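**Student:** predicted model, plus sequence, below.
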Amino acid sequence: MTTPKPVGRRKGKGSGKDPSSPSVTVEAVPVKKNSAYFFFLSALPGIIIAIAATFWSRGGGGGGGGGVGGSGGRQDASVHSSVSIDIEASLKDPSPGSWTYGFYTTQTVSDQTKPSTHALLYPNGGGGEPELVSFANREEFLMLGRLYNDRGQIVQSPSHFLNGTALYKGPQRPGTHFHWPAVRVGYRRPVPGVFGGDGEQIELETLTEPTLDASSSDPRVFYIHNFLSSAEADEFIRFSTAPENPYKMAPSTGGTHKAWNQGGSDARLSTRTSENAFDISTENSNNVKQRAFRLLRMGGYDENLADGIQVLRYELGQAYVAHHDYFPEFQSEDHQWNPLLGGSNRFATIFLYLSDVEYGGETTFPNSDRLTIEKSKELVERLGEAPPLETQKELIKAAGLAEGSWEEDLTYACSAKFAVPPRRGDAILFYSQRPDGRLDVNSLHGACPVLKGTKWGANLWVWNACRYSQCRVDPMNPAAELREEMKAPFPGGL
Ligand SMILES: O=C(O)CCC(=O)C(=O)O
Ligand SMILES: [Fe+2]
């Protein structure tokens, strides 16, 4: 029986390729042992022998696929009906409404005649050099551990993708989570099973493409299409000033990890001039938080990992200087802030745009270069370009921003660097941590001054484990408190 070992490597950077492309050039190199496989061999010899017998009896692994399975495409597994473990029953196909809906692949690819035998394996989040892995059957495939496709689905069978498809490893350490792979700038995919407030399919589009190179300065930023309905956006805006909201609109503060009712500072920041409110537990905010977790593919929903939604209003000239959403590693001594040490911190931000803005108000990432036509013509055309310098100068003056002020500098930086203009109902996702748990300095971002109109937005901050003051057992070891379905690494392939 063939072992599930890496049999080759592709030279050069592979992330520029469409992952669904089946064509791949294979280069034979010396075989590496796969330790997980050998562990499995020694632990479960009986099962392996039974599976191997079936495999040999059907002549080397082919013949099971073919055609789209009418009810979930399970023909690939049915050929194993005589083996001693029930492979068929191990396939998961959750029903609509459950948090795992859309979470797994269930379909045999339409032009598949045999299960695939090789794939390109990338680290969690993509980037770097892929490894070419081969497998003779489903059991061997699953021995590679939990793997995801570029739609963020856990892949259950080698009949569910074409040969040479890019697959991505799951998170490797407790307290780390799945990261969406960039694939390439402008790459847009549906997120199966996740729908926006209007019931429309949510789509995720890559805005920046990081590499694994330590000198890379690119953050990990994605555009989320169809996230909110108009009614949801309106409701956030309404509730932010409603008399019944205990945390209604007030000048924004910053720098503290404590909530207002925990003695958090109410000092205004001269570098954050907006106003904000919180929407902690309305039906609207709960719906949106749950949608965000499904989009992040973190597993389940856990209130302990989500800050209340912070609704922001920026009037003319208001802005927020470039900053990180994570708290510094030594923010306070009563919590382990470093995810590399089992701690918790802000992991990802989903920033919601509740309004359009006529000029300005973009979210900018100063460590990422401006979008160019070479990177994505379509994106440049759709997101629009900054107005010419002369117009910018006039707008800055009309907005009442002083010459030499940080707001003026930020406006110019916003047009020189990567910036996302607000579009009501859409959102962006960016990660404050790298896939290994390191706080990502490149997630630096700011809110460009509003130059015409009013900007409404909202922060949804998700932590990698229980957030400050919400750990039930040990705030110095938050990762240990994660629920099983969120606690990486995940044994086996599923
Ligand atoms: O308003 C924006 O575009 C971003 C705001 C932000 O980064 C924050 O409030 O932390
Ligand atoms: Fe921020």
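**Tutor:** That came in fine, so what should we check first? Numbering: from 1, shown residues only. Ligands and ions are numbered 1, 2, ... in the order given.
**Student:** could you check the pLDDT of Thr256?
**Tutor:** Reported pLDDT at Thr256 in the predicted model: 75.
**Student:** scratch that, Gly63
**Tutor:** Confidence score, pLDDT, at Gly63: 25.
**Student:** so which strand or helix has Gln310?
**Tutor:** Assessed by DSSP states H and E, Gln310 sits inside strand 309-314.
**Student:** ditto for Leu352
**Tutor:** In this assignment (DSSP H and E), Leu352 forms part of strand 346-353.
**Student:** who does the following helix or strand past that strand pair up with?
**Tutor:** Sequence order places strand 359-360 as the next helix or strand after strand 346-353, per DSSP H and E. Its sheet considered, strand 359-360 pairs with strand 450-452 (antiparallel) by DSSP bridges.
**Student:** what does this structure put close to ligand 1?
**Tutor:** Contact residues (Cβ under 6 Å from any ligand atom) of the chain with ligand 1: Leu312, Tyr320, Asp325, Phe351, Thr363, His445, Ala447, Gly457, Asn459. For the C-beta atoms, the positions are set from N, CA and C on the backbone; glycine is no exception.
**Student:** could you rerun that using 8 Å?
**Tutor:** Taking Cβ under 8 Å from any ligand atom as the criterion, the neighbours of ligand 1 within the chain are 252, 272, 274, 276, 310, 312, 314, 320, 323, 325, 349, 351, 353, 361-364, 420, 422, 445-448, 455, 457, 459.
**Student:** so which of those belong to strands?
**Tutor:** Counting by DSSP state E, the part of those found in strands is 276, 310, 312, 314, 320, 323, 349, 351, 353, 363-364, 420, 445-447, 455, 457, 459.
**Student:** so which residues of the stretch 151-300 of the chain form strands?
**Tutor:** 166-169, 188-195, 201-206, 221-225, 250-251, 275-279 (DSSP state E, counting those that start in this stretch).
**Student:** turn those strands into TSV, including mean neighbour count.
**Tutor:** Below are the strands of the stretch 151-300 of the chain laid out as TSV (neighbours: other Cβ atoms under 10 Å):
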stretch	mean neighbour count
strand 166-169	22
strand 188-195	19
strand 201-206	19
strand 221-225	23
strand 250-251	13
strand 275-279	22
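**Student:** Pro96 is nearest to which of the ones you listed?
**Tutor:** Nearest to Pro96, of all the strands of the stretch 151-300 of the chain, is strand 188-195, at 7.7 Å by Cβ to Cβ.
**Student:** contacts for the closest one?
**Tutor:** Residues outside strand 188-195 that contact it (Cβ atoms under 8 Å, 6 or more residues apart in numbering): 96, 101-103, 150-153, 183, 201-206, 225-226, 291, 294-295.
**Student:** how about 6 Å then?
**Tutor:** Applying Cβ atoms under 6 Å, 6 or more residues apart in numbering, the contact partners of strand 188-195 are Tyr101, Gly102, Asp150, Arg151, Gln201, Ile202, Glu203, Leu204, Glu205, Arg294, Leu295.
**Student:** sheet partners, orientation included, of it?
**Tutor:** Within its sheet, strand 188-195 is paired with strand 201-206 (antiparallel), according to DSSP bridges.
**Student:** chain center to the partner strand: distance?
**Tutor:** Put simply, strand 201-206 sits 11 Å off its chain's centre (Cα atoms, centre = their mean, to the nearest Å).
**Student:** I'd like the mean pLDDT over it, please.
**Tutor:** In this model, strand 201-206 has a mean pLDDT of 96.
**Student:** by how many degrees do it and strand 221-225 diverge?
**Tutor:** Angle between the axes of strand 201-206 and strand 221-225 is 160 degrees (criterion: axes from the mean of the first three to the mean of the last three Cα atoms, to 10 degrees).
**Student:** picking up where we left off before, can you say which of the residues of the chain next to ligand 1 are buried?
**Tutor:** Among the residues of the chain next to ligand 1, those scoring as buried are 252, 272, 274, 276, 310, 312, 314, 320, 323, 325, 349, 351, 353, 361-364, 420, 422, 445-448, 455, 457, 459 (criterion: 16 or more other Cβ atoms under 10 Å).
**Student:** now stretch 300-313: mean pLDDT?
**Tutor:** For stretch 300-313, the mean pLDDT works out to 94.
**Student:** re the thing from before, what sits up against the strand holding Gln310?
**Tutor:** With contact meaning Cβ under 6 Å, 6+ apart, strand 309-314 is reached by 236, 240, 274-279, 285, 450, 455-460.
**Student:** start and end of stretch 119-127, how far apart?
**Tutor:** 15 Å (Cα to Cα, to the nearest Å).
**Student:** list the buried residues in it.
**Tutor:** In stretch 119-127, counting by 16+ other Cβ under 10 Å, buried: Ala119, Leu120, Leu121, Tyr122, Pro123, Asn124, Gly125, Gly126, Gly127.
**Student:** please identify which of those is nearest to ligand 1.
**Tutor:** Using Cβ to the nearest ligand atom, Gly125 comes nearest to ligand 1 of the buried residues of stretch 119-127, at 21.3 Å.
**Student:** ok, back up a step: strand partners of the strand holding Leu352, parallel vs antiparallel please.
**Tutor:** Applying DSSP bridges, one finds strand 346-353 paired with strand 427-431 (antiparallel), strand 455-463 (antiparallel).
**Student:** can you give me the mean pLDDT across the longest one?
**Tutor:** Averaged across strand 455-463, pLDDT comes to 98.
**Student:** ok, the closest residue to Leu451 other than its chain neighbours to Leu296 distance?
**Tutor:** Once flanking residues are discounted, Leu451 sits nearest to Gly360: 3.4 Å by Cβ to Cβ, 6 or more residues apart in numbering. To Leu296, Gly360 is 29 Å away according to Cβ to Cβ, to the nearest Å.
**Student:** between these two, which one's more packed in?
**Tutor:** Shown here are Gly360 and Leu296; by other Cβ atoms under 10 Å, Gly360 has more neighbours (32 against 22).
**Student:** that one touches Cys448, doesn't it?
**Tutor:** Yes: using Cβ atoms under 6 Å, Gly360 makes contact with Cys448 at a distance of 5.3 Å.
**Student:** give me the residue at the spatial middle of the protein.
**Tutor:** Centroid check for the chain by Cα atoms, centre = their mean gives Trp180 as the closest residue, at 3.9 Å.
**Student:** state the distance from it to ligand 1.
**Tutor:** Separation of Trp180 from ligand 1 (Cβ to the nearest ligand atom, to the nearest Å): 19 Å.
**Student:** ok, Asp93 next?
**Tutor:** Distance, Asp93 to ligand 1, using Cβ to the nearest ligand atom: 39 Å.
**Student:** which stretch of helix or strand covers that residue?
**Tutor:** Counting by DSSP H and E, Asp93 is part of no helix or strand.
**Student:** counting neighbours, what do you get for it?
**Tutor:** Asp93: 15 neighbours (other Cβ under 10 Å).
**Student:** also Gly102?
**Tutor:** If you count neighbours by other Cβ under 10 Å, Gly102 ends up with 21.
**Student:** what's the answer for the one 3 residues further on, then?
**Tutor:** When neighbours are defined as other Cβ under 10 Å, Thr105 has 24 of them.
**Student:** pLDDT score for the closest residue to His160 other than its chain neighbours?
**Tutor:** Of all residues not flanking His160 in the chain, Thr105 sits nearest, at 3.9 Å (Cβ to Cβ, 6+ apart). If you check Thr105, the pLDDT there is 96.
**Student:** ditto for Ser57
**Tutor:** Looking at Ser57, its pLDDT reads 26.
**Student:** what strand or helix carries Asp409?
**Tutor:** If you go by DSSP H and E, Asp409 is part of helix 406-416.
**Student:** the residue nearest to Tyr148 when sequence neighbours are not counted bridge partners, please.
**Tutor:** Excluding its sequence neighbours, the residue lying closest to Tyr148 (Cβ to Cβ, 6+ apart) is Tyr168, at 4.7 Å. Beta-bridge pairing for Tyr168 (DSSP bridges): Tyr122, Tyr148.
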